[in-house]
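K.L.:
Give me the fold of what follows.
(chains A and B)
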Number of protein chains: 2
Amino acid sequence: MTKTLAIDCMGGDYGPSVIIPAAISALQQHSDLKIYLVGPQQELQQHLKQSPDFGNRLHIQDACEVIGMSEKPSTALRRKPNSSMRKSLELVRDGHADACVSSGNTGALMALATVLLGTLPGIERPAITAELPNRKGTVTNMLDLGANIDASAEQLTSFAIMGHVFSQLADDVEHPRVALLNIGEEAVKGRDSIKLASDILSNQSQIDYVGYIEANQIYDGNVDVIVCDGFTGNNVLKACEGITRFLYDQLKTEFTSNWWSKAVSAMVWPILRRFQRRINPDQYNGASLLGLREIVIKSHGSADSKATLFAINKAITEIERQVPQAIQDQVAQLLLNTDNEDEE
Amino acid sequence: MTKTLAIDCMGGDYGPSVIIPAAISALQQHSDLKIYLVGPQQELQQHLKQSPDFGNRLHIQDACEVIGMSEKPSTALRRKPNSSMRKSLELVRDGHADACVSSGNTGALMALATVLLGTLPGIERPAITAELPNRKGTVTNMLDLGANIDASAEQLTSFAIMGHVFSQLADDVEHPRVALLNIGEEAVKGRDSIKLASDILSNQSQIDYVGYIEANQIYDGNVDVIVCDGFTGNNVLKACEGITRFLYDQLKTEFTSNWWSKAVSAMVWPILRRFQRRINPDQYNGASLLGLREIVIKSHGSADSKATLFAINKAITEIERQVPQAIQDQVAQLLLNTDNEDEE
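P.N.:
Prediction:
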């Protein structure tokens, strides 16, 4: 089965200079892959000058406008009919591509994707999910990571259901353990929306809801899905990125602070490199916008070519596993069961 | 000047077994210190059997009830008149002690402290602040870290003012740079309460308000005060604790994964120890409950004796610098100026 991607080349900190090399690597890795590079034709052609010839596996879709990182979602929706982001999503909407990858403005991507592709039945708002590493060596899916500034109890519940399905599908976890992020493990603490979502989830039997989790346990690997509102999730994830960078830099400083540690550091270098590779957030690049009718992957704004390739490969996996269809089937079933149990 | 502390011995994961040794170390360090240990008399006496005689510098204040870590603040307020936490705060309220240190239930401590000690004029709700290390080698004050699940624009503004004053006072920063935590640096993003607080802070000239900061910049040291609601702050801080522990454990694993790295690790050990000391959150133990009329320090629930001693020393510093009085003076001035500018 040929898989076709629409790649928005104009997002992120580096634009086509890192995105096009990643697309070329993906075409080299996957012989059944077809890619639409979306952006200003001349600019993209410039970047393709040195690239091999992929025949009809590589197309340029001209899009002369770019949505800036600080533009309002409403501007993206109403003012820029020819943005690279919109054109990429339209290729998916119109059936020319199976998935869209973009590293552009998250708010604009969410808004455009929701309007152009629509949400699945029973899903009010999409959510952004990403895989986090943990000390068990598996991954933990956390959502929402920034699509929704606030989340009602019903929205948190639907995030839990989507996370449950996604963990089964993307990570092969048979019975995912789902938790709500809260500021205490005790039932008396936290926001009303979280307490109500906890009540709803406690009163159903389809999902293995294990209760509250505190943020210091995110990396313990004792749960498979962590659910929170997008403001909290985004802040938590970014803070962890920041402190990881800080700690790694501190460690490097310690290893070069005197002649002895400098001498030792030469020997330690391969060990530190292995450590850095293991905690490297790039290898987890590519957040999924769950709850949409089609596949949309958000790549990190600061992603380099290698990290962008991870996001592209994530899109390919989701096409192979038909994630939206599977979510739709299971969400319908789970929502139905939850409703039935409510009525009993 | 004699300084007197009321120490709640019944909070935290380890209770008097770690708190009393910390209190004894503090008495040994400070000859002008007097301490009330608060908790069940017989139990505390048991822990003091081996301790030196401090004469009238050490008292036991009997308190037969304990507030559990999962009890509701309302239970702490209404049901337990003889809790160690309440008795400790009453010693401060009644002028017998200059500050209270507790590692008990944060929600209960906030509620009891607010009711028993009262807030400063112009401050609607207290906030929890703590010092975070950063890559500049200074500290960054972050608030609120869990006192308020949500925060209005006005509350965020008062947190900014308190953080500004505290940074001047506790960290000797002459012109603290104050930022609001948000999920984007752009003015169009984030919650309405945050946008409104940003407008209020932009329209005054007393505080050096520098705009939004994203969570991945918390440890960069480019600002001195970071303001957010307590739900977000608490989650961000705990997530950073969790990932720090995770990364350190991963690093240890790398250093023992084969004979070569084991051999190297013997040489590396002192460097890693120095690294761990440098990032050790214990040395930052002791969060201040700002906005109250008296000094209350919350020690971490999992603090050991050494970390508890840090919290005790923080209380002593705040007594010496008369933090609540200084906040009151400056907040009154700043609130007045903010109001005047509003009216112009």
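K.L.:
show me what contacts the closest residue to residue A:241 other than its chain neighbours?
P.N.:
Counting by CB to CB, 6 or more residues apart in numbering or on different chains, residue A:241 lies nearest to residue B:216, which is 4.7 Å off, once chain neighbours are set aside. Yep, even glycine has a C-beta here, placed from its N, CA and C like the rest. When contacts are counted by CB atoms under 8 Å, 6 or more residues apart in numbering or on different chains, residue B:216 touches A:238-239, A:241-242, A:245.
K.L.:
Surely residue B:216 is in a strand?
P.N.:
No - Residue B:216 sits outside any strand when classified using DSSP: H, G, I helix; E, B strand; the rest coil, being helix.
K.L.:
Distance check, it against residue A:209.
P.N.:
Residue B:216 sits at a distance of 31 Å from residue A:209 (criterion: CB to CB, to the nearest Å).
K.L.:
Going by neighbour count, which of the contacts of residue B:216 comes out on top?
P.N.:
Counting neighbours by other CB atoms under 10 Å in any protein chain shown, the top entry in the contacts of residue B:216 is residue A:239, with 26 neighbours.
K.L.:
Quick check: that residue touching residue B:220?
P.N.:
No - contact between residue A:239 and residue B:220 fails when scored by CB atoms under 8 Å: they sit 11.6 Å apart.
K.L.:
how many other residues sit next to the residue of the stretch 1-150 of chain A found nearest chain B?
P.N.:
Scanning the stretch 1-150 of chain A for the residue nearest chain B gives residue A:70, at 3.8 Å (criterion: CB to the nearest CB). When neighbours are defined as other CB under 10 Å, residue A:70 has 14 of them.
K.L.:
and it, how far is that from residue B:253?
P.N.:
Counting by CB to CB, the separation of residue A:70 from residue B:253 is 41 Å.
K.L.:
got it, and residue A:248?
P.N.:
Per CB to CB, residue A:248 is found 16 Å from residue B:253.
K.L.:
go on, residue A:4?
P.N.:
Distance of residue A:4 to residue B:253, computed by CB to CB: 41 Å.
K.L.:
Tell me which of those two has more neighbours.
P.N.:
The neighbour comparison of residue A:4 against residue B:253 (other CB under 10 Å) goes to residue A:4, with 19 against 14.
K.L.:
Setting aside sequence neighbours, what's the nearest residue to the residue nearest in space to the middle of chain A?
P.N.:
For chain A, residue A:287 is the residue whose C-alpha lies nearest the centre (CA atoms, centre = their mean; 0.6 Å). Using CB to CB, 6+ apart and skipping the chain neighbours, the partner closest in space to residue A:287 is residue A:130 (4.1 Å).
K.L.:
Neighbours of the residue lying closest to residue A:58 once chain neighbours are set aside, how many?
P.N.:
Spatially, and ignoring its direct neighbours in sequence, residue A:58 is nearest to residue A:35 (5.6 Å; CB to CB, 6+ apart). By the measure other CB under 10 Å, the count of residues near residue A:35 is 24.
K.L.:
need the contact list for residue A:35.
P.N.:
By CB under 8 Å, 6+ apart, residue A:35 lies in contact with A:4-7, A:23, A:26-27, A:57-59.
K.L.:
Narrow these to those that are buried.
P.N.:
Restricting the contacts of residue A:35 to buried positions leaves A:4-7, A:23, A:26-27, A:58-59, with burial counted as 16 or more other CB atoms under 10 Å in any protein chain shown.
K.L.:
tell me which element the residue nearest to residue A:287 falls in.
P.N.:
strand A:127-133 (DSSP states H and E).
K.L.:
quick one: strands adjacent to that strand?
P.N.:
strand A:139-143 (antiparallel), strand A:287-290 (antiparallel) (DSSP bridges).
K.L.:
Would you mark the buried spots in it?
P.N.:
Neighbour-count burial for strand A:127-133, with 16+ other CB under 10 Å as criterion, is recorded at A:127-133.
K.L.:
okay if I get those residues as CSV plus distance to residue A:63 and pLDDT?
P.N.:
Output for the buried residues of strand A:127-133, formatted as CSV (distance: CB to CB, whole Å; pLDDT from 0 to 100):
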residue, distance to residue A:63, pLDDT
A:127, 27, 94
A:128, 23, 93
A:129, 27, 93
A:130, 26, 90
A:131, 30, 90
A:132, 33, 89
A:133, 35, 87
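K.L.:
ok, those vs residue A:331, which is closest?
P.N.:
Nearest to residue A:331 among these, counting by CB to CB, is residue A:127 at 12.1 Å.
K.L.:
wait, what's in contact with the closest residue to that closest one other than its chain neighbours?
P.N.:
Distances taken as CB to CB, 6+ apart put residue A:144 closest to residue A:127, at 3.8 Å, once the chain neighbours are dropped. Residue A:144 is in contact with A:127-129, A:151, A:159, A:227-230, A:233, counting by CB under 8 Å, 6+ apart.
K.L.:
The residue nearest to the centre of chain A against residue A:129, yeah?
P.N.:
Yes - with contacts defined as CB under 8 Å, residue A:287 counts as touching residue A:129 at a distance of 6.4 Å.
K.L.:
Sketch out the low-pLDDT regions of chain A for me.
P.N.:
Low-confidence segments of chain A (pLDDT under 70): A:185-189, A:261, A:264-265, A:267, A:271-272, A:274-283, A:335-344.
K.L.:
Looking at it, which helix is longest?
P.N.:
helix A:230-254 (DSSP state H).
K.L.:
quick one: buried residues of that one?
P.N.:
Within helix A:230-254, the residues scored as buried using 16+ other CB under 10 Å are A:230-244, A:246-248, A:250-251, A:254.
K.L.:
did I read that right, residue A:101 in a helix?
P.N.:
No - assessed by three-state DSSP, residue A:101 does not belong to a helix; its assignment is strand.
K.L.:
which residues does it contact?
P.N.:
Here residue A:101 is in contact with A:5-8, A:88, A:286, A:296-297, A:299, A:308, A:311-312, A:315 (criterion: CB under 8 Å, 6+ apart).
K.L.:
what do you get for residue A:317?
P.N.:
Counted by CB under 8 Å, 6+ apart, residue A:317 has contacts residue A:170.
K.L.:
Assumed it was part of a helix.
P.N.:
Yes - under three-state DSSP, residue A:317 sits within a helix.
K.L.:
Quick check: end-to-end length of stretch A:145-155?
P.N.:
Stretch A:145-155 has an end-to-end distance of 13 Å (criterion: CA to CA, to the nearest Å).
K.L.:
Could you check it against chain B for contacts?
P.N.:
Yes - Stretch A:145-155 lies within reach of chain B by CB under 8 Å from any CB of the partner chain, at A:146, A:149-150.
K.L.:
could you flag which of those residues are buried?
P.N.:
A:146, A:149.
K.L.:
Cross the residues of stretch A:145-155 next to chain B against helices and list the overlap.
P.N.:
Those of the residues of stretch A:145-155 next to chain B lying in helices (DSSP H): none at all.
K.L.:
Same list, the residues of stretch A:145-155 next to chain B, but as CSV with distance to residue B:321 please.
P.N.:
Shown next, in CSV, are the residues of stretch A:145-155 next to chain B (distance: CB to CB, whole Å):
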residue, distance to residue B:321
A:146, 40
A:149, 38
A:150, 38
